[in-house]
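**Q** Here is a sequence together with a model predicted from it:
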Amino acid sequence: MTFPRALSMMAVMAALAACTAAVPETPERQRQAAATSSPEPTAPAKPKRQPYTIAFGGDVHFEGFLRARLDNPRTALGPIASVLRKADLAMVNLETAITEGGTPAPGKQYTFRAPASALTALKAAGVDVASMANNHGMDYMETGLADSLAAIKETKFPVVGIGKNDKQAYKPFRKTVNGNRVAIIGATQVMDTEFISAWTAGPGKGGLASAKDEPRLIKAVRQARKNSDTVIVHLHWGTEMEQCPNPAQLSLAPKLVKAGADVVVGGHAHILLGAGYLGKAYVSYGMGNFVFYNSNPATTGRTGVLTLTINGRKILKDKWTPATIQGGVPVPMTGPERKQAVADWKALRSCTGLSSRP
């Protein structure tokens, strides 16, 4: 008796299936099956860096008649805010203690303080970070320092150059912009001699980041360089009313660049100083007054916004938006006066040793 051909084939297939099922499932066979059934997931591609802009303004306080501007934080900085908001990042020097108490620094001719709403006003104007490392940051001594740190924490507004110890004071502000890891450090080269010790942050001691301690500042720059695409150092430096950089500035700038700084910018002199390239890095020796109660239209009233376009370590472009201080706040210039003011700003470079191009 014979079986149909189709039935014979079915029997053969059943026998093969039975044999396959009898083979033990070893770890090696499991790995092979997994490899053929589900390929390894690929890591997402790292975002490509794109150029970004950062705008710098000069010295800001809210003393005297400027205090009333804090009643409306949105307009406290005046029309210059429109320039700051256009940039991806914006920064100023906040030259005041943030306190409504404390005792003025003994023997100091000018002491500045402002309520915490000053930080709110900066944020409303488009400012992303400020430095308080300057010769007025601790005008109200230890109590003012404690109040300042509390206000910074409460408002969550980023401030560099000040802290409860040296680690915090020299710590950079960090933000990734268009794929660029940006680090900004603040420090002051200007302190009244009698306050250097009391105001300088140290291990377990609150205060300001001091550029007089060059090794400590350079260490902070080198640390930031390790994991940043752009390193910026904001300094309080220079000599009041002197239009050319002083020897201390000319000495410090190349050291910071050698340590890894891509941009070095700052102010203190109340007037504008020159800016340009130091090798491939960019240096601005003086941003002048910005939001300030006392100004002369021909000197201390000349101000503006420096906007840099950056990609990684490359400074692609600098732009100067000139302004004049009117009623204590910067008002951007227009027409022929604006063009002349830009030319005047470029001419300040002549005594700096800086170049117009990298």
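**A** Yep, it's here.
**Q** contacts and neighbour counts: CA atoms only from here.
**A** Noted.
**Q** What are the buried residues along the longest strand that the chain contains?
**A** Criterion DSSP state E: the longest strand present in the chain is strand 314-326. For strand 314-326, burial by neighbour count (16 or more other Cα atoms under 10 Å) applies to 314-316, 318, 320-326.
**Q** roughly how far is that strand from the heart of the chain?
**A** Distance of strand 314-326 from the chain centroid (Cα atoms, centre = their mean, to the nearest Å) equals 16 Å.
**Q** cool, stretch 98-110 as well?
**A** 27 Å.
**Q** picking that back up, output the contacting helices and strands for the longest strand of the chain.
**A** When contacts are defined as 3 or more Cα pairs under 8 Å, 6 or more residues apart in numbering; DSSP states H and E, strand 314-326 packs onto strand 281-284, strand 302-311, strand 329-332, helix 335-347.
**Q** can you give me the mean pLDDT across the first one?
**A** Which is strand 281-284. The average pLDDT for strand 281-284 rounds to 98.
**Q** what does it rub up against?
**A** 253, 257, 261-266, 273-277, 313-315, 354, 358 (Cα atoms under 8 Å, 6 or more residues apart in numbering).
**Q** And the third one, by the same measure?
**A** For strand 329-332, contacts defined as Cα under 8 Å, 6+ apart pick out 77-80, 290-292, 303-304, 321-325.
**Q** do the same with the longest one
**A** If you take Cα under 8 Å, 6+ apart as the criterion, helix 335-347 is touched by 272-275, 320-323.
**Q** Same question for stretch 307-315.
**A** 49-56, 87, 180-181, 229-231, 262, 280-282, 316-321.
**Q** Please apply the same query to stretch 220-239.
**A** Under Cα under 8 Å, 6+ apart, the answer for stretch 220-239 is 131, 133-135, 170-172, 180-190, 211, 245-246, 248-249, 256, 259-269, 285-286, 311-313.
**Q** Would you reformat the helices and strands packed on strand 314-326 as a markdown table and include mean neighbour count?
**A** What follows is those, written out as a markdown table (neighbours: other Cα atoms under 10 Å):
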| stretch | mean neighbour count |
| --- | --- |
| strand 281-284 | 26 |
| strand 302-311 | 23 |
| strand 329-332 | 22 |
| helix 335-347 | 14 |
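**Q** Out of these, flag the one nearest residue 205.
**A** Checking those against residue 205 by Cα to Cα gives strand 281-284 as the closest, at 30.7 Å.
**Q** From the chain's centre, how far out is that closest one? Work that out for me.
**A** 14 Å.
**Q** Setting aside sequence neighbours, what's the nearest residue to residue 73?
**A** Leaving aside its chain neighbours, residue 73 sits nearest to residue 121 (4.2 Å; criterion: Cα to Cα, 6 or more residues apart in numbering).
**Q** Quick one: residues contacting that neighbour.
**A** Counted by Cα under 8 Å, 6+ apart, residue 121 has contacts 70, 72-77.
**Q** Narrow these to just the buried residues.
**A** 70, 73-77.
**Q** Checking residue 184 next. Helix, strand or coil?
**A** Classification of residue 184 by DSSP: H, G, I helix; E, B strand; the rest coil places it in strand.
**Q** what residues are up against it?
**A** By Cα under 8 Å, 6+ apart, the contact set of residue 184 is 160, 172-174, 231-234.
**Q** what about residue 176, how many neighbours?
**A** Residue 176 is flanked by 13 other residues according to other Cα atoms under 10 Å.
**Q** what's the spacing between it and residue 312?
**A** 11 Å (Cα to Cα, to the nearest Å).
**Q** Same check on residue 106?
**A** Following Cα to Cα, the distance that separates residue 106 from residue 312 is 45 Å.
**Q** more crowded one of these two?
**A** residue 312 (20 against 12).
**Q** The more buried one and residue 276, how far apart?
**A** 18 Å.
**Q** hmm, back to that, what's the residue nearest to residue 73 sitting at in phi/psi?
**A** Residue 121 has phi and psi values of phi -70, psi -40 when expressed as degrees, to the nearest 10.
**Q** Likewise for the one 4 residues further on?
**A** Summarising the backbone geometry of residue 125 under the convention degrees, to the nearest 10, its torsions are phi -80, psi 0.
**Q** now it, nearest residue through space, not along the chain?
**A** Closest to residue 125 by Cα to Cα, 6+ apart is residue 81, at 4.9 Å.
**Q** ok, now residue 349?
**A** residue 274 (4.2 Å).
**Q** ditto for residue 168
**A** Using Cα to Cα, 6+ apart, the closest residue to residue 168 is residue 162 (7.0 Å).
**Q** correct me, but the one you found touches residue 207?
**A** Yes: at 5.8 Å, residue 162 counts as touching residue 207 under the criterion of Cα atoms under 8 Å.
**Q** Overlap in contacts, the two.
**A** Joint contacts of residue 162 and residue 207 (Cα under 8 Å, 6+ apart) are 169, 201.
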